[in-house]
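Asks: Make a model of this:
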Amino acid sequence: MSGVGPISQDWEPVVIRKKAPTAAAKKDEKAVNAARRAGADIETVKKYNAGTNRAASSSTSLNTKRLDDDTENLAHERVPTELKKALMQARMDKKLTQAQLAQIINEKPQVIQEYESGKAIPNQQIIGKLERALGAKLRGKK
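Replies: Residues are numbered from 1 along each chain as shown. Got it, this is the predicted structure:
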């Protein structure tokens, strides 16, 4: 490149700066100590319920008394005794085991066991399947 002239740059210098510290970084212990040494003003604010897992308004509310006074007993409806006995009798009359009856109505044997022990929550579809499979009326008047 002889005789072309002086070499010059066509671009501007780029200055790369660090980002301004975030709010969390400003509260960092190192940053606070550095500000103290520099003589900067430091504001401290006491936050109530800070660091706890409770909401600020978690003090006893109006609903607490209502919940304490509530004496309603909430429980699921269970299979009535008449249905348990009728189911067991109809199954014995057909000489079926609980597992065989369950297979006939496409349910698990545990379902039949729960109905016969009275622990099941009555399901009208299952009771209908049982009535059809056993050929006996299990619900209502006979």
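Asks: Give me the mean pLDDT for whichever helix in the chain runs longest.
Replies: If you go by DSSP state H, the chain has its longest helix at helix 81-93. Averaged across helix 81-93, pLDDT comes to 93.
Asks: If we go by neighbour counts, what in it is buried?
Replies: Buried residues in helix 81-93, counted by 16 or more other CB atoms under 10 Å: 83-84, 86-87, 90-91. Bear in mind the C-beta positions are built from the backbone N, C-alpha and C, glycine included.
Asks: Alpha carbons only: can I get that helix in PDB?
Replies: Taking Å, rounded to 0.1, in the frame of the first residue of the first chain, the C-alpha atoms of helix 81-93 are listed here in PDB:
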ATOM      1  CA  THR A  81     -77.600 -51.500  55.200                       C
ATOM      2  CA  GLU A  82     -80.600 -52.700  53.100                       C
ATOM      3  CA  LEU A  83     -78.500 -52.400  49.900                       C
ATOM      4  CA  LYS A  84     -75.600 -54.200  51.400                       C
ATOM      5  CA  LYS A  85     -77.700 -57.100  52.600                       C
ATOM      6  CA  ALA A  86     -79.700 -57.300  49.300                       C
ATOM      7  CA  LEU A  87     -76.500 -57.300  47.300                       C
ATOM      8  CA  MET A  88     -74.900 -60.000  49.300                       C
ATOM      9  CA  GLN A  89     -78.100 -62.200  49.200                       C
ATOM     10  CA  ALA A  90     -78.500 -61.800  45.400                       C
ATOM     11  CA  ARG A  91     -74.800 -62.600  44.800                       C
ATOM     12  CA  MET A  92     -75.000 -65.700  47.000                       C
ATOM     13  CA  ASP A  93     -78.200 -66.800  45.300                       C
END
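Asks: Relative to the whole chain's centre, how far out is it?
Replies: 39 Å (CA atoms, centre = their mean, to the nearest Å).
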